[in-house]
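**Student:** curious how this folds, go ahead:
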Amino acid sequence: MKISGFLINIAILGILLLTIPLASAQPSGTTTYSIVHISDTQNLATHYPKTYDLTFSYLESIKTQYNISAIIITGDLVNTWNKKSEWVAYSHARNMTTIPIYVIAGNHDTSYGKNYTYYSLYTGEPKNNYMTEVKDFNFVGINYVSKSLAPQEFATIRQTLVNGSHNFTIIATHYYMDENGAHSLLGEDIDRQLIVQPTIVLTGHVHAYFIRVDMINGYPVIEDLTDYQNGEPGGSKNQDYSAGTLYTVTAVDGQVEKITSEIIRIYPVKSFDSERVLYNITGQFSHALPAPEPQMTVQTQMHLIAITPENSTVNRGNNNDVFWLLNPENTTVNAGQAFWNFFQLIFRSP
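**Tutor:** Sure, this is the predicted structure:
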């Protein structure tokens, strides 16, 4: 049977109509990488330096597999701000990895904000807060603070975020909220003044762990409290313990489109918790979710904290309580079957 040029043209057109949507479903410029959040590792510096080393050497060992692009530590690297042996333990541990590390100061690191001598010496970070970029995020690091920032400091940070080139912010600070989810004074001010786009707030200080998603100022905000210095929240108090949160980020042409999280346990047993979707730009965040009471440890230490911000040029180098909105995923077109049906329709014998 001869096939006319007209039918051939129709067949080619059909192929184009099928392949163009498929190409658009997999946009070019898509990147996937991970960011690890750990906090309050001070007991490792005091009592378990080998576990401190393992924390960073393990992250280095899975760096390529998970494309880990940054480690963010939200304070309390040591127990005693001026104890050299503890700072040496931290310094030795962080040198076990080549992954860029971004740190902010906790109350134990700076004598409640009074002295940054050892902190700056061993981390390379100044007393001032700083704003920079971490991959596809605007990044704000806010050190330990007793009450909150001065209005002008908030105004400076806010303006920088408004003018930032990224569509998502990470704010790392030491004390943002307590174990029942209530915000500190600094946390309340961050919510009022610095939530100008979708944001992740990373924090520690309080001996508990949970992640929740809320709507603040009309933007989805991922609030992460990660503090494993006494082991699993609600479990036995095993201070020789290391864990954190692994975020997996999908970005298209530099714009964050999807974020998932999972617990990453490092010591005494290496394991990953189930992955949860926290943010998906293809979904729609339509309302704030009520914040239920998260798990907590029996022991809680509530310390007030101290701070100041400024750009820095230093080379910084349980999900049981996760609440998220369900987001629709892209459906897959069975292009092979669709084309075969089209082919049969055009070329079948009369």
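**Student:** is Val196 in contact with Val221, as I believe?
**Tutor:** No - counting by C-beta atoms under 8 Å, Val221 is not a contact partner of Val196; they are 11.0 Å apart. In short, each C-beta sits where N, CA and C put it, glycine included.
**Student:** higher neighbour count, those two?
**Tutor:** Val221 (23 against 17; other C-beta atoms under 10 Å).
**Student:** immediately after the helix or strand harbouring that one, which helix or strand?
**Tutor:** Take DSSP states H and E as the rule and Val221 turns out to sit in strand 219-226. Where DSSP H and E defines the elements, the next helix or strand beyond strand 219-226 is strand 242-252.
**Student:** does anything pack onto that following strand? Which helices or strands?
**Tutor:** Using 3 or more C-beta pairs under 8 Å, 6 or more residues apart in numbering; DSSP states H and E as the contact criterion, the elements in contact with strand 242-252 are strand 30-38, helix 49-61, strand 219-226, strand 255-267.
**Student:** if we use 6 Å, what do you get?
**Tutor:** On a contact count with 3 or more C-beta pairs under 6 Å, 6 or more residues apart in numbering; DSSP states H and E, strand 242-252 meets strand 30-38, strand 219-226, strand 255-267.
**Student:** tell me the most buried of these?
**Tutor:** The highest mean neighbour count among the helices and strands packed on strand 242-252, using mean count of other C-beta atoms under 10 Å, belongs to strand 219-226: a mean of 24.
**Student:** who does it pair up with?
**Tutor:** Strand partners for strand 219-226, identified by DSSP bridges, are recorded as strand 199-203 (parallel), strand 209-216 (antiparallel).
**Student:** format those strands as CSV; extra columns: distance to Thr30 and mean pLDDT.
**Tutor:** Formatted as CSV, the strands paired with strand 219-226 follow (distance: least, C-beta to C-beta, whole Å; pLDDT from 0 to 100):
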stretch, distance to Thr30, mean pLDDT
strand 199-203, 20, 98
strand 209-216, 23, 94
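**Student:** tell me which of the ones you listed is the most buried.
**Tutor:** Ranked by mean neighbour count, the strands paired with strand 219-226 are led by strand 199-203 with a mean of 28 (mean count of other C-beta under 10 Å).
**Student:** just how off-centre is it within its chain?
**Tutor:** Mean-position distance between strand 199-203 and its chain equals 7 Å (C-alpha atoms, centre = their mean, to the nearest Å).
**Student:** low-confidence ranges in the protein?
**Tutor:** 1-27, 236, 283-350 (pLDDT under 70).
**Student:** so which of the strands paired with strand 219-226 comes closest to Gly254?
**Tutor:** Proximity to Gly254 (C-beta to C-beta) singles out strand 199-203 among those, at 16.7 Å.
**Student:** what's the local residue count around Asp40?
**Tutor:** 26.
**Student:** three-state assignment of it?
**Tutor:** At Asp40 the chain is in coil, as set by DSSP: H, G, I helix; E, B strand; the rest coil.
**Student:** ok, the one 4 residues further on next?
**Tutor:** Using three-state DSSP, the structure places Leu44 in helix.
**Student:** again with Ser120
**Tutor:** helix.
**Student:** ditto for Ile171
**Tutor:** The three-state label given to Ile171 by three-state DSSP is strand.
**Student:** ok, His205 touching Met177?
**Tutor:** No - counting by C-beta atoms under 6 Å, His205 does not reach Met177; the two are 9.0 Å apart.
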